[in-house]
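A.B. asks: Fold the following.
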Amino acid sequence: MSFVWGDCMSDLYLRIDELLKKKGVSGARMSQELGMSRSFMTELRKGRARGVTAETARKLADYFGVTVEYLLGSEAPSPIAFTRREQRDIARDLEAFIADMDSGGLMFDGDPMSDEAKDSIIQAVRMGLELAKVKNKERFDPTKNKKD
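C.D. replies: Numbering: from 1, shown residues only. Just a heads-up that it's a prediction; the model follows:
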């Protein structure tokens, strides 16, 4: 299954290129780390790619720490960037959740949880932690009510 966007592929290339620069890695290194072909970025840049699979979009979004919606251009970036400490806090809390989830042996209708279900739950928790961090930053901003 692939998403077909036509002209949106150049937008996807630009967004990935921007994220690569922010992360400080090359397209070749990203492709290698994600197990993708090295020509992936070239195909996007030259407009020869007609779409990406849902799995590829999810891998890319996870790699950059953004949502699939942002990666595909249907969501604006968060106006609040996380500091390294906040990123570590979110990662730590997520790891603790995953450890609790793994030790609990979650089941659905008496069947063990599939890897896909586990990944979906983890992504939902990650988004929840990030949203909570954003809301707390807005709520507890010491400069919020300061007068110039």
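A.B. asks: so Leu14 is in which element?
C.D. replies: Applying DSSP states H and E as the criterion places Leu14 in helix 8-23.
A.B. asks: Could you export that helix as PDB, CA atoms only?
C.D. replies: Output of helix 8-23 as PDB, limited to C-alpha atoms (Å, rounded to 0.1, in the frame of the first residue of the first chain):
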ATOM      1  CA  CYS A   8       3.700  16.600  -2.800                       C
ATOM      2  CA  MET A   9       6.700  14.300  -3.200                       C
ATOM      3  CA  SER A  10       9.000  17.400  -3.600                       C
ATOM      4  CA  ASP A  11       7.400  18.800  -0.400                       C
ATOM      5  CA  LEU A  12       8.200  15.500   1.300                       C
ATOM      6  CA  TYR A  13      11.800  15.700   0.100                       C
ATOM      7  CA  LEU A  14      12.200  19.300   1.400                       C
ATOM      8  CA  ARG A  15      10.700  18.400   4.800                       C
ATOM      9  CA  ILE A  16      13.000  15.300   5.100                       C
ATOM     10  CA  ASP A  17      16.000  17.400   4.000                       C
ATOM     11  CA  GLU A  18      15.200  20.000   6.600                       C
ATOM     12  CA  LEU A  19      14.900  17.300   9.300                       C
ATOM     13  CA  LEU A  20      18.200  15.800   8.200                       C
ATOM     14  CA  LYS A  21      20.000  19.100   8.600                       C
ATOM     15  CA  LYS A  22      18.400  19.600  12.100                       C
ATOM     16  CA  LYS A  23      19.500  16.100  13.100                       C
END
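A.B. asks: packing partners for it?
C.D. replies: With contacts defined as 3 or more CB pairs under 8 Å, 6 or more residues apart in numbering; DSSP states H and E, helix 8-23 has these neighbours: helix 27-34, helix 40-45, helix 54-64, helix 68-72. For every residue, glycine as well, the C-beta is placed using N, CA and C.
A.B. asks: Give the next helix or strand downstream of the shortest one.
C.D. replies: Following helix 68-72 in sequence order, the next helix or strand is helix 84-104 (DSSP H and E).
A.B. asks: Distance check, Gln123 against Asp109.
C.D. replies: Distance, Gln123 to Asp109, by CB to CB, to the nearest Å: 21 Å.
A.B. asks: Could you do Phe82 as well?
C.D. replies: 37 Å.
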